[in-house]
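In: fold the stuff below for me.
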Amino acid sequence: MFSQRWRRPFSGSTAHGARFAVMVLCLGALSVVGAAAHAAPSTPFPFPDYSTVDYTQVPIQETGVVDVVADGDTFRFIEDGSSSYVTVRLLGINTPEVRGFYNKNRDEDMCGAVEATRVLASLLPPGTPVQLRSLSKESTGLGNRPQRYAFAWNPSTGQYDIDVQAELASAGLATLFTLSNEAALSYAYAVHVANAQAAGRGIWNPSFCGPPEQPDASVSLIAHWNAGRNDNANPNGEYVIVRNTGGTVVDLSGWILRDSGSTAWFTFPNGSVLTPDDYRVVHVGQGTPGSPNPRDLYMGSPTALLANVARDRFSGDGVYLLDPSTAFRSWFDWPCVVDCTDPAQGKLTITDVNPIATSKKPSRAANEEYIVIKNTSNTEINLDGYYLAYRSATYPFVINSRIPAGKTLTVFIGKGLPSKRSQYWGREGPLLRNTSGTVELLSERNVLISSKKW
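Out: Predicted coordinates for the structure are as follows:
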């Protein structure tokens, strides 16, 4: 049984009724998951194929009733046999914050917060029987709140099979929020989020909360989420490239860059004006703005923030650009789960790999190893958003580097000064196995562009 934590009753926000009514209509049929409930997972975690995990593989931890909904991803729960409640945080999704954002403006709701709260309240009115699942009973989050997947009782089926997380994600009222040790159902929710983004539902419509400021602004985000080896030792190795992809000037002053969490957000300083094709590089860690490069900015985090992709479970993240009204204006999620194609496929090709190094000096031997990439298309390709991978080692290309049509770029494994036709991985010694191996060229959404075996 949960330890009990009493809190003041929730007081809901007002207004936005018309928009909420539209959201309820958009929900359509409830996200019912039709298998019978089991008390224990049929397959231990990590699951062999996270894309086919059934919710019944996640253990039931508690059964009880809803007391009251607090916001779009939080509600008070009374376990069977108890007379007091605990506050439960939903797993797998993150909804806009009610009564504040980024620990500031505590009297304001984020765009979509009221709608998400009302949708969850419509799914979980007081007294609704609900079953809570998680891989670990000890899973807790901020304020020691239990973290659980919630499945509401369905009178039509006689099962706890209404997936409230899927409802919010499908309605376009949540970002993905996955934890490495509670990732069993994250893939399914990532698909719901991606489909809502593609359809422009909810917060994925910049006009959802009213006419957007700078409506002609067209800004792209690309995240480099793998700093290499221990990301926490190099948080500035994680960064987001924010580029003006439109034909008009965009003023990002006061705009917000955030990941899927709700704490480590970055506000662009005054004077953050981007002309067409101009960009800024926002590093996760600490540093001096404009140093070492004029376009460098820093979030100020002492640790890494962006989740790496994993092989044995669904692990990913997202970055989101919000205007000062907190409307979502651009986003970048990884790994890809829907329509996983890339414009560079069939155009960027690894044409040659030399794994043989004969020098006795490690630094020289490293630069005897190299990888050649060719642009086989008839247009220049910007390498932002792509990286090389060999086993666990990765190399992101120099920011804003480009390969002209029909030309090649050689990446040497050692150290050196980059040029238009050559870059350096930065290793102290050789990396590639002489006998056999595979080098991959991937997008930051983890889509394979090209590979070369030897």
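In: residue ranges with poor pLDDT in the stretch 1-150 of the chain?
Out: Within the stretch 1-150 of the chain, the ranges that satisfy pLDDT under 70 run 1-31, 33-44, 101-106.
In: what are the ranges of the strands in it?
Out: 60-71, 74-79, 86-90, 92-94, 129-133, 147-154 (DSSP state E, counting those that start in this stretch).
In: just say which of these is most tucked in.
Out: Ranked by mean neighbour count, those are led by strand 92-94 with a mean of 27 (mean count of other CB atoms under 10 Å). Any C-beta I mention is one placed from the backbone N, CA and C, and that applies to glycine too.
In: output the contacting helices and strands for that strand.
Out: On a contact count with 3 or more CB pairs under 8 Å, 6 or more residues apart in numbering; DSSP states H and E, strand 92-94 meets helix 164-170, strand 175-177, helix 186-199.
In: tell me which of the strands of the stretch 1-150 of the chain sits nearest to Leu431.
Out: With CB to CB as the measure, strand 92-94 is the member of the strands of the stretch 1-150 of the chain nearest Leu431 (37.0 Å).
In: just checking: what are the partner strands of the closest one?
Out: Applying DSSP bridges, strand 92-94 is found paired with strand 175-177 (antiparallel).
In: need the residues that contact the partner strand.
Out: Contact with strand 175-177 is made by 91-95, 169, 186, 189-190, 193, 260-261, 316-318, 320, 333, as judged by CB atoms under 8 Å, 6 or more residues apart in numbering.
In: give me the buried positions along that strand.
Out: For strand 175-177, burial by neighbour count (16 or more other CB atoms under 10 Å) applies to 175-177.
In: would you list every one of the helices in the stretch 1-150 of the chain?
Out: Using DSSP state H, counting those that start in this stretch, the helices found in the stretch 1-150 of the chain span residues 17-27, 113-123.
In: quick check: beta-bridge partners of Ser443?
Out: Counting by DSSP bridges, Ser443 forms beta bridges with Tyr386.
In: I'd guessed it sits against Leu348; true?
Out: No. In terms of CB atoms under 8 Å, Ser443 does not count as a neighbour of Leu348; the distance is 9.9 Å.
In: overlap of the contact sets of the two?
Out: Contacts common to Ser443 and Leu348, judged by CB under 8 Å, 6+ apart, are 386, 449.
In: that older thread, closest one to Arg421 out of the buried residues of strand 175-177, please.
Out: The closest of the buried residues of strand 175-177, once distances to Arg421 are taken by CB to CB, is Leu176, at 38.6 Å.
In: roughly how far apart are the closest one and Glu167?
Out: 15 Å (CB to CB, to the nearest Å).
In: ok, Glu238 next?
Out: Taken as CB to CB, the span from Glu238 to Glu167 is 32 Å.
In: the more surrounded of the two?
Out: Using other CB atoms under 10 Å, the more surrounded residue of Glu238 and Glu167 is Glu238, with 28 against 22.
In: mind listing what the nearest residue to the more buried one once chain neighbours are set aside touches?
Out: Using CB to CB, 6 or more residues apart in numbering and skipping the chain neighbours, the partner closest in space to Glu238 is Val284 (4.1 Å). Counting by CB under 8 Å, 6+ apart, Val284 touches 235-236, 238-239, 264, 298-299, 301, 304-306.
In: so which of the residues you listed wins on neighbours?
Out: Within the contacts of Val284, neighbour counts (other CB under 10 Å) peak at Glu238, which reaches 28 neighbours.
In: for that residue, what are its contacts?
Out: Per CB under 8 Å, 6+ apart, neighbours of Glu238: 223-227, 231, 283-285, 304-306.
In: list the ones among those residues that fall in strands.
Out: 223-224, 283 (DSSP state E).
In: same list (these) but as JSON lines, adding distance to Gly254 and pLDDT.
Out: Shown next, in JSON lines, are the ones in strands among the contacts of Glu238 (distance: CB to CB, whole Å; pLDDT from 0 to 100):
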{"residue": "Ala223", "distance to Gly254": "21", "pLDDT": "98"}
{"residue": "His224", "distance to Gly254": "25", "pLDDT": "97"}
{"residue": "His283", "distance to Gly254": "20", "pLDDT": "98"}
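In: which of the residues you listed lies closest to Ile449?
Out: Nearest to Ile449 among those: His224, at 15.4 Å, using CB to CB.
In: who touches the residue lying closest to Tyr189 once chain neighbours are set aside in this structure?
Out: Nearest residue to Tyr189 in three dimensions, chain neighbours excluded: Gly92, at 4.4 Å (CB to CB, 6+ apart). Neighbouring residues of Gly92 by CB under 8 Å, 6+ apart: 149, 165, 169, 176-178, 182, 185-186, 189.
In: bridging residues for Gly92?
Out: Going by DSSP bridges, Gly92 forms beta bridges with Phe177.
In: what sits closest to Pro46 if chain neighbours are left out?
Out: Counting by CB to CB, 6+ apart, the residue nearest Pro46 is Asp312, at 4.1 Å.
In: kindly give the local confidence score, pLDDT, for that neighbour.
Out: Each residue has a pLDDT score; the one for Asp312 is 81.
In: and the closest residue to Pro125 other than its chain neighbours, how close does it get to Ala227?
Out: Spatial nearest neighbour of Pro125, excluding adjacent residues (CB to CB, 6+ apart): Val66 at 6.9 Å. Separation of Val66 from Ala227 (CB to CB): 41 Å.
In: cool, Ser220 as well?
Out: 21 Å.
In: the two: which has the busier surroundings?
Out: Taking neighbours as other CB under 10 Å, Ser220 and Ala227 compare with Ala227 leading, 23 against 17.
In: disregarding residues adjacent in the polypeptide, which is nearest to the more buried one?
Out: Gly237 (2.8 Å).
In: my guess is the one you found contacts Asn230, does it?
Out: No. Taking contacts as CB under 8 Å, Gly237 lies outside contact range of Asn230: 9.8 Å.
In: just send the contacts of Gly92 back as JSON lines, with distance to Tyr50 too.
Out: As requested, the contacts of Gly92 are arranged in JSON lines below (distance: CB to CB, whole Å):
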{"residue": "Tyr149", "distance to Tyr50": "14"}
{"residue": "Gln165", "distance to Tyr50": "15"}
{"residue": "Ala169", "distance to Tyr50": "16"}
{"residue": "Leu176", "distance to Tyr50": "13"}
{"residue": "Phe177", "distance to Tyr50": "16"}
{"residue": "Thr178", "distance to Tyr50": "10"}
{"residue": "Glu182", "distance to Tyr50": "12"}
{"residue": "Leu185", "distance to Tyr50": "9"}
{"residue": "Ser186", "distance to Tyr50": "7"}
{"residue": "Tyr189", "distance to Tyr50": "11"}
